[in-house]
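Chemist: Return a 3D structure for these sequence lines:
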Amino acid sequence: MAAEGEEAAEDLIEILEASSMPIDLARYVNHVRDPAAGAIATFEGATRDTFEGKRVLELRYEAYVPMALRRLRAICSGARAAWPLRRLAVAHRLGTVPVGEASVFVAASAVHRKDALEACRFLIDEVKASVPIWKKEVYANGEVWKENKEFLQRRNALASSSCCCATKVRMDGDDDGRSGADEEKVPAV
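Modeler: Numbering: from 1, shown residues only. Here you go, the predicted model:
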């Protein structure tokens, strides 16, 4: 288990190495429990049994752990800057996650429910959009590496902005009138 580094003492951030043990949800809820908190908001992302009509057997996760932990710390710091929060907890499993089990769990506590709920949503959306954790869906008839919708939206937003890298990445099928001679082609997913 890779654990927190220098983040706020109120934050519990973990990337859980491959194991057959499910995430201990109560551990993270108990961590964010605080006498001054009137609200605890949580999100549990679990492996579902079907995707687009295909039977899912399991999910498999891999990560670049040092970068994932840095990104998670930054996300928690961003949440703290945006909302008056008491405590935060974020956990993500690596390895195989069977159907019905949690792969990711986030929790936020605050004095008021609105702050806890908004921070919780921000945390999970940012985890899916920017943390270097990769997911493979294993089906009864094959498997495929998947990109999160939030990641694709973020990438497309950056590609259409004036970001320094915007002109270097283009999706196959993009027809914006540019020649594309110096661009890296990225296959559409």
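Chemist: Okay, and the beta partners of the nearest residue to residue 120 once chain neighbours are set aside?
Modeler: In this structure, residue 120 finds its nearest non-sequential neighbour in residue 41, 3.8 Å apart by Cβ to Cβ, 6 or more residues apart in numbering. From N, CA and C alone the C-beta is placed, and that goes for glycine too. Counting by DSSP bridges, residue 41 is bridged to residue 108.
Chemist: Correct me if wrong: residue 131 contacts residue 71.
Modeler: Yes. Assessed by Cβ atoms under 8 Å, residue 131 is found in contact with residue 71 at 4.6 Å.
Chemist: So which of these two has more stuff around it?
Modeler: residue 131 (24 against 20; other Cβ atoms under 10 Å).
Chemist: Near the residue nearest to residue 25 when sequence neighbours are not counted, how many other residues are there?
Modeler: In this structure, residue 25 finds its nearest non-sequential neighbour in residue 105, 5.8 Å apart by Cβ to Cβ, 6+ apart. For residue 105, the count of nearby residues is 25 (other Cβ under 10 Å).
Chemist: What of residue 52?
Modeler: Residues near residue 52, counting by other Cβ under 10 Å: 7.
Chemist: any idea how far it is from residue 46?
Modeler: Residue 52 sits 17 Å away from residue 46, taking Cβ to Cβ, to the nearest Å as the criterion.
Chemist: what does residue 149 give?
Modeler: 17 Å.
Chemist: ok, the two, which is more surrounded?
Modeler: Neighbours of residue 149 and residue 46, each counted by other Cβ under 10 Å, are more numerous for residue 46; the result is 16 against 10.
Chemist: Could you list which residues are in contact with the more buried one?
Modeler: 100, 101, 102, 103 (Cβ atoms under 8 Å, 6 or more residues apart in numbering).
Chemist: swap in residue 137?
Modeler: Counted by Cβ under 8 Å, 6+ apart, residue 137 has contacts 51, 56, 59, 143, 144, 146.
Chemist: For these, could you give me TSV that also reports distance to residue 124?
Modeler: Below are the contacts of residue 137 laid out as TSV (distance: Cβ to Cβ, whole Å):
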residue	distance to residue 124
51	18
56	20
59	16
143	24
144	22
146	16
